[in-house]
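Student: I'll drop the sequence and a predicted model, then ask my questions.
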Amino acid sequence: ESAPANTIVDINDPNFKDQMSFYVETMKNKENVKLSMEQLRKVAPEIYQAMVGERDAYMANGLDKLGVFPTIVAVMGMAHIDGVETILQQRGWEPVPLLCK
């Protein structure tokens, strides 16, 4: 059970450490990240735009400028992959299947 939103949490509390560990492991799954981002977009669109949308556009613009190269490797947080891919595909980029997951 998690603490109410307005409660200060003791980070030395073993329950907090267990909860945080569970959360981190949960967020390593792409589908969970997608669900979390969709939820954030619904409940706080301005925060979503600032934290995710603007960064997606910035990274896509940077990658698009590198399009003169035959191969590009980009490393980014899981929450940004779908947005950056969508923007680049709208600009004519072809999707490439992931070789590892």
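Tutor: Structure received. Numbering: from 1, shown residues only.
Student: what segments of this structure are helices?
Tutor: 14-26, 30-43, 45-48, 54-65, 78-90 (DSSP state H).
Student: list the contacts of the most centrally placed residue in the chain.
Tutor: Geometric centre of the chain, nearest residue: Ala79, 1.1 Å, by Cα atoms, centre = their mean. For Ala79, the contact set (Cβ atoms under 8 Å, 6 or more residues apart in numbering) comprises 33, 36-37, 52. The way it works is simple: take the backbone N, C-alpha and C, and place the C-beta from them, glycine included.
Student: rerun that using 6 Å as the cut-off
Tutor: For Ala79, the contacting residues are 33, 37, 52, by Cβ atoms under 6 Å, 6 or more residues apart in numbering.
Student: now flag whichever of those residues is closest to Val96.
Tutor: Comparing these against Val96 with Cβ to Cβ places Val33 closest, at 19.9 Å.
Student: roughly how far apart are Lys28 and Gly83?
Tutor: Computed as Cβ to Cβ, to the nearest Å, the Lys28 to Gly83 distance reads 19 Å.
Student: the two: which is more packed in?
Tutor: Set side by side, Lys28 and Gly83 show more neighbours around Gly83, with 19 against 9, by other Cβ atoms under 10 Å.
Student: look at the residue lying closest to Leu66 once chain neighbours are set aside and say how many residues are nearby.
Tutor: Nearest non-adjacent residue to Leu66, counting by Cβ to Cβ, 6 or more residues apart in numbering: Ile72, 5.2 Å away. With neighbours defined by other Cβ under 10 Å, the count for Ile72 comes to 12.
Student: isn't Ile72 up against Gly62?
Tutor: No. In terms of Cβ atoms under 6 Å, Ile72 does not count as a neighbour of Gly62; the distance is 10.0 Å.
Student: which non-adjacent residue is nearest Leu40?
Tutor: Leu40 sits nearest to Tyr48 (Cβ to Cβ, 6+ apart), 4.7 Å away.
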